[in-house]
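Colleague: Sequence first, then the predicted structure:
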Amino acid sequence: MKLEDIRRDYLSQQLNRKDLAEHPIDQFERWFDVAKLAELSADPTAMVIATADKHGRISQRVVLLKSFDEQGFVFYTNLHSKKARQLAENPHCSAHFAWLPLERQVAIEGSVEFLSDAENAAYFASRPRASQIAAWASQQSETISDRATLDAHYQQREEEFAGQAQIPLPPFWGGIRLRPDYIEFWQGRASRLHDRFSYALNDTAEWQLSRLQP
Ligand SMILES: Cc1cc2nc3c(=O)[nH]c(=O)nc-3n(C[C@H](O)[C@H](O)[C@H](O)COP(=O)(O)O)c2cc1C
């Protein structure tokens, strides 16, 4: 089949205003629970994060969502990485979930804050030891000559921490919270007349719900 002929109609569900939660985080939770239960992917918490540098040049990558609530959506990363450096100079961020077998997507926009040392330490302590060592071993987003050098960095760190029950939090590793000011829910419908609803924070910090044209 020619690429341009690959398409389908979205027929399985509808999204109606009366079914929507008042708060977008409640609505997100409903859809996220459905997506998790549907086992669409081996990584149900994976989301694409878009960041931009101070000139507006955008980059994207997958990270794992580790928690969410009214405050925002939290992921963890190397704080010297490209994404973290971009977010330090330009806090605008977008997250995207594509739940295509459910004919759904969610797009989140806002700006970020960096978690405190205490929050970072608490989450870091919960990670598997090998992931903790890897966090020390990798200068994320920097170039490296070959795989053997990376493996050697890991081994060096493993030996360094061999006698220690707890591996300390690297000072260059932590959580980032995307504080949303806009969340959009998309449900595919027949003939490209999809259902789209956006929640946007207004000047008085209330969520304004709108239906968008598809
Ligand atoms: C399924 C999956 C999950 C990932 N989870 C994370 C994560 O939680 N944190 C992270 O820093 N990178 C994660 N990565 C790697 C990132 O996509 C990316 O390669 C890395 O963070 C470097 O991005 P940057 O150079 O744009 O900063 C994950 C990749 C995949 C495919």
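Modeller: Cool, got the structure.

Colleague: Extract the C-alpha set from the longest strand along the chain and format it as PDB.
Modeller: Counting by DSSP state E, the longest strand found in the chain is strand 173-187. Taking C-alpha atoms only, strand 173-187 is exported to PDB below (Å, rounded to 0.1, in the frame of the first residue of the first chain):
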ATOM      1  CA  TRP A 173      20.400  14.300  38.800                       C
ATOM      2  CA  GLY A 174      16.800  15.100  39.800                       C
ATOM      3  CA  GLY A 175      13.100  15.700  39.000                       C
ATOM      4  CA  ILE A 176      11.400  18.200  36.900                       C
ATOM      5  CA  ARG A 177       7.700  19.100  37.300                       C
ATOM      6  CA  LEU A 178       5.800  20.400  34.300                       C
ATOM      7  CA  ARG A 179       3.100  22.700  35.800                       C
ATOM      8  CA  PRO A 180       0.400  22.700  33.200                       C
ATOM      9  CA  ASP A 181      -1.500  25.800  32.100                       C
ATOM     10  CA  TYR A 182      -3.100  24.000  29.100                       C
ATOM     11  CA  ILE A 183      -4.300  20.400  28.700                       C
ATOM     12  CA  GLU A 184      -6.000  19.100  25.600                       C
ATOM     13  CA  PHE A 185      -7.900  15.800  25.200                       C
ATOM     14  CA  TRP A 186      -8.500  14.400  21.700                       C
ATOM     15  CA  GLN A 187     -10.800  11.600  20.900                       C
END
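
Colleague: What strands line up against it, and which way round?
Modeller: strand 72-78 (antiparallel), strand 104-114 (antiparallel), strand 195-201 (antiparallel) (DSSP bridges).

Colleague: show me the contacts for the most centrally placed residue in the chain.
Modeller: Centroid-nearest residue in the chain: residue 47, 4.1 Å away (criterion: Cα atoms, centre = their mean). Going by Cβ atoms under 8 Å, 6 or more residues apart in numbering, residue 47 touches 62, 63, 64, 65, 73, 75, 95, 96, 97. The C-beta positions use only the backbone N, C-alpha and C, and glycine is treated the same way.

Colleague: Distance of the residue lying farthest from the centre of the chain relative to the ligand?
Modeller: Distance from the C-alpha centroid of the chain, by Cα atoms, centre = their mean, peaks at residue 163 (34.6 Å). Here the criterion is Cβ to the nearest ligand atom, to the nearest Å. By it, residue 163 lies 28 Å from the ligand.

Colleague: Can you check the distance spanned by stretch 112-132, start to finish?
Modeller: End-to-end distance of stretch 112-132 (Cα to Cα, to the nearest Å): 24 Å.

Colleague: which residues are in contact with that stretch?
Modeller: Here stretch 112-132 has contacts from 66, 72, 74, 76, 79, 87-88, 91, 93, 135, 166-167, 169-170, 173-179, using Cβ under 8 Å, 6+ apart.

Colleague: For that stretch, buried residues please.
Modeller: Along stretch 112-132, these residues count as buried under the neighbour rule (16 or more other Cβ atoms under 10 Å): 112, 113, 114, 115, 119, 120, 123, 124, 132.

Colleague: Now distance to the ligand too, for these, in CSV please.
Modeller: Compiled in CSV, the buried residues of stretch 112-132 are given as follows (distance: Cβ to the nearest ligand atom, whole Å):
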residue, distance to the ligand
112, 13
113, 17
114, 14
115, 13
119, 15
120, 13
123, 11
124, 13
132, 14
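
Colleague: Which of those sits closest to residue 159?
Modeller: residue 132 (14.4 Å; Cβ to Cβ).

Colleague: Perfect, that will be all.
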